[in-house]
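> Structure, please.
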Amino acid sequence: MEQEISLSVHDIVDSLLRTGDLDNRVFNAETMEVGSQVHRLIQSEQNADYLPEYPLETYFQDGEITLHIQGRADGLIRSNPPTIDEIKSTVEDLKKFRDQNFQWHQGQAKLYAWMYCRENRVDRVIVRLTYVKQRKESDRLIEDQPFTFQELDEFAHELIGEWLQRYRNQREYERKRDASLKALSFPFQTWRKGQRFLFERVSDIAQKGEQAYVQAPTGIGKTVCAIMPTCRAIGQGEIEKIYYLTSKNSIRMQALKTAEIMERSGGILRTIALTAKDRICLNDPRFKKRCNPDECPFAKDYYTKINSVIEEAYKQRNIFDKSDIIDLAKKHVICPFELELDMARRADLIICDYNYIFDPSVQLSDVAMGDGLPFSLLVDEAHNLPDRARSMYSSSLKVSTLAKCYSELSAKVFRKTRESLSDLLFNLSTLETEKRDSIQDSIAVLTSIPDDFLAMLKDFTTRSNEDMKKHPGEAPQILIDLRNEVKKFRLLPPGGQANYIQFLQYDGQDLTSIDILCLDASEEVKQTTDRFHSALFFSATLSPLDYFIERLGGSDTPAEDRINIPSPFDSRNRLVCIDTSIDTTYRARQKTLNQLISSIRASIEPKRGNYLIFFPSFAYMNMVEERLKDYPDWNIYTQQAKMTIEERDAFISEFHPNPERTTVGLAVLGGIFGEGIEMAPHALSGVIVVSVGFPSMDFENQKMKDYFDQKGLDGTSFAWIYPGFNRVVQAAGRIIRSESDIGIITLIDRRFARRDYGIMLKENFGDCTYVRGEDQLREKIESFWEAHRTKEGE
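Residues are numbered from 1 along each chain as shown. From the prediction side, this is the model:
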């Protein structure tokens with residue numbers, strides 16, 4: 001079948017001719033930006049015979065395939081013979097840069113020259129490489145080499161032939177993959193309640209190119225219902241690849257397990273789970289994030305090795321997790337982080353964190369390409385995305401960090417960097433003085449980030465890059481981290497957008513930071529989501545559903561794509577008690593502490609077991625912990641403000657089925673134990689949630705309230721009520737995770753008696769039992785457990 005493929009010169013030469021090292025001092029966003037300026041400078045210096053950005057295109061036939069190749073030469077000089085000029089600028093020594101990249105750079109220019117000769121019937125041409133030193137443009141290295149059309153034609157045929165062979169190999173893989181995916185059937189013998197509906201609905205979404213939002217309970221099999229029908233859409237030619245997003249390692253493992261299940265069923269699917277750079281880097285810990293050959297052996301010859309490594313890897317297997325990538329990286333001495341990113345470009349299912357799609361500072365290149373992407377987006381635990389997205393579009397530059405970085409840098413080695421940091425600190429001190437009169441609650445709001453400050457940030461990036469290039473291995477980690485934060489800060493809107501606020505933070509009269517805060521990232525999420533062919537946002541606790549749809553940029557989503565699947569589990573296995581007798585607000589906590597202890601006892605004492613109690617703050621939790629020490633028959637374990645992974649695992653391991661003594665865990669709402677934890681089956685007998693979970697009444701949330709009020713929405717609900725209630729639902733969700741789980745949920749706060757909470761409680765828990773005080777609560781819970789004694793063999 002005849003096929004026409006459009007591609008650029010870069011598509012060909014970058015994938016085949018690039019060799020050499022990884023070096024983020026030489027190739028980065030800053031050098032690219034400056035490089036564009038240098039290009040324009042060089043072009044502007046030329047005479048009338050120099051035609052800049054000269055467009056070229058040609059068609060190349062090979063069997064059933066026609067390639068439409070396009071590109072722009074940096075310059076065409078109308079000389080005899082004509083000259084094709086390719087301009088390259090760098091912070092690197094020019095000769096060293098030329099020697100390391102000559103094959104790649106000249107190959108690009110030669111392909112332009114071949115296209116020009118082919119379309120204009122020219123027999124001879126000169127290929128020029130013009131190397132220019134950035135920030136010292138008078139330093140240049142110009143190299144001319146004549147070629148005949150025959151020489152260029154032989155080069156182009158060989159290069160394009162290699163590209164076509166890779167393309168045909170990929171197409172053959174895709175043919176086998178598509179046939180295998182179309183033949184896949186549901187991998188389990190029976191459907192859980194609601195599972196078939198979700199499976200078929202996801203299939204429609206992927207095939208028709210829709211966006212949908214789904215709340216579906218834990219235990220229904222959301223992962224397989226999201227991945228498998230979307231994979232079948234790959235087989236049917238509707239999409240090319242899938243991005244499955246999650247921030248939880250346990251869900252990442254479930255997604256990988258689903259890919260393995262499909263593979264055992266005959267499905268062919270290249271799958272890779274991406275790991276954050278900090279967690280997969282193999283370099284010496286002293287040189288983390290130093291991605292250059294002088295400071296990391298895994299950066300050396302990366303581009304020389306990468307194509308053969310990937311081809312070999314995919315011949316061996318199709319599914320790769322962190323350990324597989326590390327094994328490959330060690331075997332070939334190649335950067336594991338960049339390896340997994342390059343492997344993802346050839347994968348069908350990419351499992352990764354939200355930031356790889358939504359964070360502009362680390363977004364995957366495939367996603368950053370533009371609109372109309374033939375990809376599907378699956379966002380698990382989507383209730384976490386609104387706040388994660390806001391953090392991606394927020395940044396804070398702390399004065400203490402700037403000052404500490406200045407003091408830690410060698411005056412001799414990092415002279416330029418220190419000068420730029422000094423300028424930044426002086427600029428901030430001036431701004432600090434100017435804004436002191438407008439300080440309210442330690443905040444001075446700005447109309448925008450000053451232009452001169454932004455210019456100094458750009459200068460800091462450029463100068464620090466130059467110093468680091470000259471003195472490899474001598475930059476302290478604080479400089480590396482500061483450069484990353486400055487990069488992020490510079491990407492954000494400096495002012496003029498309603499969903500952002502720019503401000504200064506003070507400690508007394510002393511400036512502590514300059515901030516850009518995103519109040520609502522729904523439009524940014526929407527802009528990214530709209531690039532995809534289809535998108536599915538799903539969670540067990542996407543509640544209230546309309547609130548989350550608004551926060552995820554889906555306000556115009558039709559009713560049929562707002563999907564709420566009820567729990568398939570027997571409601572008789574769960575008792576939800578709402579104790580509305582206790583005031584848990586901050587001012588009343590000491591006064592009502594005795595009542596609270598009594599309600600906690602009434603919830604726990606009717607049955608020996610494991611219980612989790614959630615509080616809105618560490619202070620409130622610690623207050624209750626002191627009183628619970630009066631009950632020596634209970635084993636009590638308390639969440640700490642900072643816990644290592646080992647400490648978290650140790651906390652969870654204390655909750656095992658059928659304990660000899662009642663075990664009580666104290667934790668904070670919205671914290672590390674509030675969601676996504678994996679306990680042994682039937683480990684918990686109950687969950688107690690104290691308060692409605694309000695976020696703090698601080699500057700940030702007050703500004704969010706004002707913002708949503710101005711949008712015509714209920715600012716109080718959006719800033720406090722809905723986020724708090726979602727924390728409550730998340731915590732309560734720890735108790736019933738399968739059809740055989742049995743347990744109680746006690747929610748304690750007089751505000752739960754309000755009508756707005758009543759509606760949300762009904763939507764999430766069905767029928768609830770409202771009580772007032774210890775006696776009613778104990779009676780209801782004792783009756784519940786008595787009804788289940790025979791089921792538990794007691």
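
> State the distance from the nearest residue to Thr638 once chain neighbours are set aside to Leu76.
For Thr638, ignoring the flanking residues on the chain, the nearest one in space by Cβ to Cβ, 6 or more residues apart in numbering is Leu666 at 4.5 Å. Every residue, glycine included, has its C-beta placed from N, CA and C. Between Leu666 and Leu76 the distance is 73 Å, computed by Cβ to Cβ, to the nearest Å.

> Checking my notes, Tyr213 in a helix, right?
No - secondary structure of Tyr213 (DSSP: H, G, I helix; E, B strand; the rest coil): strand, not part of a helix.

> list the buried ones in the longest helix seen in the chain?
What stands out as the longest helix in the chain, according to DSSP state H, is helix 149-182. For helix 149-182, the neighbour count (16 or more other Cβ atoms under 10 Å) marks 149, 152, 155-156, 159-160, 163-164, 167, 173-174, 177-178, 180-181 as buried.

> And it, what does it pack against?
Where contact means 3 or more Cβ pairs under 8 Å, 6 or more residues apart in numbering; DSSP states H and E, helix 149-182 is packed against helix 9-16, strand 50-62, strand 65-77, helix 94-120, strand 124-133, helix 222-235.

> what helices or strands is the helix or strand of the chain with the lowest mean pLDDT leaning on?
Across the helices and strands of the chain, mean pLDDT, DSSP states H and E gives its lowest value to helix 29-44, namely a mean of 82. On a contact count with 3+ Cβ pairs under 8 Å, 6+ apart, helix 29-44 meets strand 50-62, strand 65-77, strand 83-90, strand 124-133, helix 451-470.

> Now mean pLDDT, distance to Tyr302 and mean neighbour count too, for these, in TSV please.
Formatted as TSV, the helices and strands packed on helix 29-44 follow (pLDDT from 0 to 100; distance: least, Cβ to Cβ, whole Å; neighbours: other Cβ atoms under 10 Å):
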stretch	mean pLDDT	distance to Tyr302	mean neighbour count
strand 50-62	96	30	15
strand 65-77	96	25	19
strand 83-90	94	17	23
strand 124-133	96	22	21
helix 451-470	92	18	18
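
> returning to what we had before: for the residue nearest to Thr638, give the beta-bridge partners.
Beta bridges link Leu666 to Ile613, Thr638 when assigned by DSSP bridges.

> Can you check the distance spanned by stretch 502-514, start to finish?
End-to-end span of stretch 502-514 (Cα to Cα, to the nearest Å): 8 Å.

> Same question for that stretch: list its buried residues.
Buried, per 16+ other Cβ under 10 Å, within stretch 502-514: 502-506, 511-514.

> In a markdown table: these, plus distance to Glu263 and pLDDT.
Converted to a markdown table, the buried residues of stretch 502-514 look like this (distance: Cβ to Cβ, whole Å; pLDDT from 0 to 100):
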| residue | distance to Glu263 | pLDDT |
| --- | --- | --- |
| Gln502 | 50 | 96 |
| Phe503 | 51 | 95 |
| Leu504 | 54 | 95 |
| Gln505 | 51 | 94 |
| Tyr506 | 57 | 93 |
| Leu511 | 56 | 92 |
| Thr512 | 53 | 95 |
| Ser513 | 49 | 96 |
| Ile514 | 51 | 97 |
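
> Show me which of those is closest to Ile645.
Ser513 (29.3 Å; Cβ to Cβ).

> before we move on, the earlier item: the least confident helix or strand of the chain vs strand 83-90, what angle?
140 degrees (axes from the mean of the first three to the mean of the last three Cα atoms, to 10 degrees).

> Give me the number of neighbouring residues for the residue lying closest to Tyr500 once chain neighbours are set aside.
Nearest non-adjacent residue to Tyr500, counting by Cβ to Cβ, 6+ apart: Pro493, 5.1 Å away. By the measure other Cβ atoms under 10 Å, the count of residues near Pro493 is 14.

> my read is Pro493 is in a strand, agree?
No - secondary structure assignment (three-state DSSP) places Pro493 in coil, not in a strand.

> residues contacting the residue most central in space within the chain?
Taking Cα atoms, centre = their mean as the criterion, Asn355 is the residue nearest the geometric centre of the chain, at 1.5 Å. Residues near Asn355 by Cβ atoms under 8 Å, 6 or more residues apart in numbering: 362-363, 388, 392.

> Swap in 6 Å and give it another go.
Val362 (Cβ atoms under 6 Å, 6 or more residues apart in numbering).

> which stretch of helix or strand covers Leu761?
helix 755-765 (DSSP states H and E).

> got the angle between that helix and strand 211-215?
Orientation note: helix 755-765 sits at an angle of 90 degrees relative to strand 211-215 (the same axes, to 10 degrees).

> so where do the strands sit in the stretch 601-750 of the chain?
Under the criterion DSSP state E, counting those that start in this stretch, the stretch 601-750 of the chain contains strands at 610-615, 635-638, 663-668, 686-690, 743-748.

> can you list these in a markdown table and add mean pLDDT, mean neighbour count and distance to Ile69?
Below are the strands of the stretch 601-750 of the chain laid out as a markdown table (pLDDT from 0 to 100; neighbours: other Cβ atoms under 10 Å; distance: least, Cβ to Cβ, whole Å):
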| stretch | mean pLDDT | mean neighbour count | distance to Ile69 |
| --- | --- | --- | --- |
| strand 610-615 | 96 | 26 | 61 |
| strand 635-638 | 95 | 16 | 65 |
| strand 663-668 | 96 | 22 | 58 |
| strand 686-690 | 97 | 26 | 62 |
| strand 743-748 | 97 | 26 | 63 |
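
> any chance of those strands in a markdown table, with distance to Asp301 too?
Shown next, in a markdown table, are the strands of the stretch 601-750 of the chain (distance: least, Cβ to Cβ, whole Å):
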| stretch | distance to Asp301 |
| --- | --- |
| strand 610-615 | 52 |
| strand 635-638 | 50 |
| strand 663-668 | 48 |
| strand 686-690 | 54 |
| strand 743-748 | 57 |
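
> Can you tell me which of those is nearest to Gln106?
strand 663-668 (60.2 Å).

> Tell me the buried residues in stretch 560-579?
Of the residues in stretch 560-579, those buried (16+ other Cβ under 10 Å) are 561-563, 565, 567, 569, 573-579.

> same check, this time on stretch 639-646
Gln639.

> who's in contact with that stretch?
667-668, 673.

> before we move on, the earlier item: closest one of the buried residues of stretch 502-514 to Ala787?
Closest approach to Ala787 among the buried residues of stretch 502-514 (Cβ to Cβ): Gln505, at 55.3 Å.

> The closest one bridge partners, please.
Beta-bridge partners, per DSSP bridges, of Gln505: Ile443, Ser513.

> Pretty sure it sits against Leu511.
No - contact between Gln505 and Leu511 fails when scored by Cβ atoms under 6 Å: they sit 7.5 Å apart.

> ok, back up a step: Leu17 is nearest to which of the helices and strands packed on helix 29-44?
Judging those by Cβ to Cβ, what sits closest to Leu17 is strand 83-90, at 12.7 Å.

> Does anything pack onto the closest one? Which helices or strands?
Judged by 3 or more Cβ pairs under 6 Å, 6 or more residues apart in numbering; DSSP states H and E, strand 83-90 is in contact with helix 29-44, strand 65-77, helix 94-120, strand 124-133.

> I would like the residues contacting the helix or strand where Ser598 lies, please.
Applying DSSP H and E as the criterion places Ser598 in helix 593-604. Contact with helix 593-604 is made by 579, 582, 611, 627, 688, 746, 748, 774, 777-778, as judged by Cβ under 6 Å, 6+ apart.
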